[in-house]
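Peer 1: 3D model of this:
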Amino acid sequence: MPNLNDLRTPALLLDRDKLQRNIDHMAARAKTLGVELRPHMKTAKSIEVAKLATKDQAGGITVSTLAEADYFARAGFADILYGVGITPDKLADVRAIQDLGARVTMILDNLDCAGEVVARTNALSGRFGFLIEIDSGQHRTGLLPTDERVLEIARILNKAENCELRGVMTHAGHSYSCDSIAAVREVAEAERAAVVAAAEIIRGNGLSCDIVSVGSTPTALHAEHLDGVTEMRPGVFMFSDLFQHSIGSCELEDLAVSVLTSVIAWRDDEARAMVDAGALALSQDRGAPDVNGEYAYGMAADIAGHPLPGDLRIRQMNQEHGFLPGLDHALKVGERLRILPNHVCSTAAQYDRYHVIDENGTVVDSWTRTTGW
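Peer 2: From the prediction side, this is the model:
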């Protein structure tokens, strides 16, 4: 295997040992909370990572695209939650994925769509399972637990010949906006209470509601309890990033992914290096402000992954250039650095593989990832 100085830059690095520690930590959290762990694979998009994340778990995963669902189904993953609202035109694709041997569960929050879905499935073979999405405070998608349409959708699915209601789900994405662990705990309780209340209403009307699903890395890590919940679906916990660090979901040393980059220019007059990791290699997510209240595009580290002194960050980007100011010494063209990402989901999406490294920084493997929709 090549070493870090042999890789073509920019390259996506994945620290295998940090990944395993992060996975073990979340598995222990799920056990403590008494729920199943259905990891969200939208960040990793990798069969090898999914195998590690589901080891000793029930085996279910969450995905955010049908391309992911197909990719994981072909690798033998048989219990897949497609965590984005379904549209009727995609049902034939879902059937094709189920024909590979997977059980795909979809989500709904729209009464008219529920009717159209039922009509479409009448012309398709197989069973189609659904969760009703509940709004627990983010106000992105979902219905409030007391909304009459929750029960109406449940009844429509229950009466359908080829459809079944499997439960309810929610996502407390607004936990990412919390400024303290106490605030995350409040969001976690609101997330839990909303989805449990919806399940109780459905069951109280004589319908089954087996799955009660919540999911976000901050709430999974800081929820005080998950009474009434059956599973949680965190995803970014596997890798972590600077944003998760900023809200207290991880330590800096937990970040398992970085972008290997090369210095391509040096400006003496501005004490500024330029690297070959720009907007496409790092993403344009600004993350949370740094210690000075300023936004940037990733933290600079040496080739071993240790952050450079002075909290140095990429302050400006072009498509293929990153600008790193504030250095106290000149960097040579060709010198290697690593950039810790603000939002690892968006950063990783630019690459087709991980260069897997061990704790010594030795490249030990290469894991491909899926892309597209």
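
Peer 1: for this structure, what's the longest strand?
Peer 2: For the chain, the strand with the greatest residue count under DSSP state E is strand 257-267.

Peer 1: next secondary structure after that strand?
Peer 2: Where DSSP states H and E defines the elements, the next helix or strand beyond strand 257-267 is strand 272-275.

Peer 1: that next one pairs with which strands?
Peer 2: strand 257-267 (antiparallel), strand 322-324 (antiparallel) (DSSP bridges).

Peer 1: domain ranges for the chain, per the record?
Peer 2: Structural domains annotated on the chain: 34-236, 256-368, as defined by automatic domain parsing.

Peer 1: re the thing from before, got the buried residues for the longest strand of the chain?
Peer 2: Residues of strand 257-267 classed as buried by neighbour count (16 or more other C-beta atoms under 10 Å): 257, 258, 259, 260, 261, 262, 263, 264, 266. C-beta here means a position set from N, CA and C on the backbone, and glycine is covered the same way.

Peer 1: can I get that strand in CSV, CA atoms only?
Peer 2: Output in CSV follows, covering the C-alpha atoms of strand 257-267 (Å, rounded to 0.1, in the frame of the first residue of the first chain):
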residue,chain,number,x,y,z
VAL,A,257,-11.8,11.7,8.4
SER,A,258,-9.5,14.3,7.0
VAL,A,259,-8.4,15.5,3.6
LEU,A,260,-4.8,15.0,2.6
THR,A,261,-3.6,18.0,0.7
SER,A,262,-0.4,19.4,-0.8
VAL,A,263,1.1,22.9,-0.5
ILE,A,264,1.1,24.3,-4.0
ALA,A,265,2.3,27.9,-3.3
TRP,A,266,3.7,30.1,-0.6
ARG,A,267,3.4,33.9,-0.3
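
Peer 1: number of residues surrounding residue 326?
Peer 2: Neighbourhood size, residue 326 [other C-beta atoms under 10 Å]: 16.

Peer 1: should've said residue 200
Peer 2: Residues near residue 200, counting by other C-beta under 10 Å: 15.

Peer 1: show me the contacts for it.
Peer 2: Contacts for residue 200 (C-beta atoms under 8 Å, 6 or more residues apart in numbering) come out as residue 228.

Peer 1: isn't residue 338 right next to residue 13, touching?
Peer 2: Yes - if you go by C-beta atoms under 8 Å, residue 338 and residue 13 touch, sitting 6.7 Å apart.

Peer 1: quick one: common contacting residues for these two?
Peer 2: Jointly contacting residue 338 and residue 13 under the rule C-beta under 8 Å, 6+ apart are 258, 259, 260.

Peer 1: looking at the residues you listed, which is nearest residue 311?
Peer 2: residue 258 (15.7 Å; C-beta to C-beta).

Peer 1: for the closest residue to that closest one other than its chain neighbours, helix, strand, or coil?
Peer 2: Spatial nearest neighbour of residue 258, chain neighbours left out: residue 338 (4.1 Å); criterion: C-beta to C-beta, 6 or more residues apart in numbering. The local conformation at residue 338, judged by DSSP: H, G, I helix; E, B strand; the rest coil, is strand.

Peer 1: tell me how many other residues surround residue 338.
Peer 2: Around residue 338 there are 26 residues (other C-beta under 10 Å).

Peer 1: again with the one 4 residues further on
Peer 2: For residue 342, the count of nearby residues is 27 (other C-beta under 10 Å).

Peer 1: thanks a lot, see you next time.
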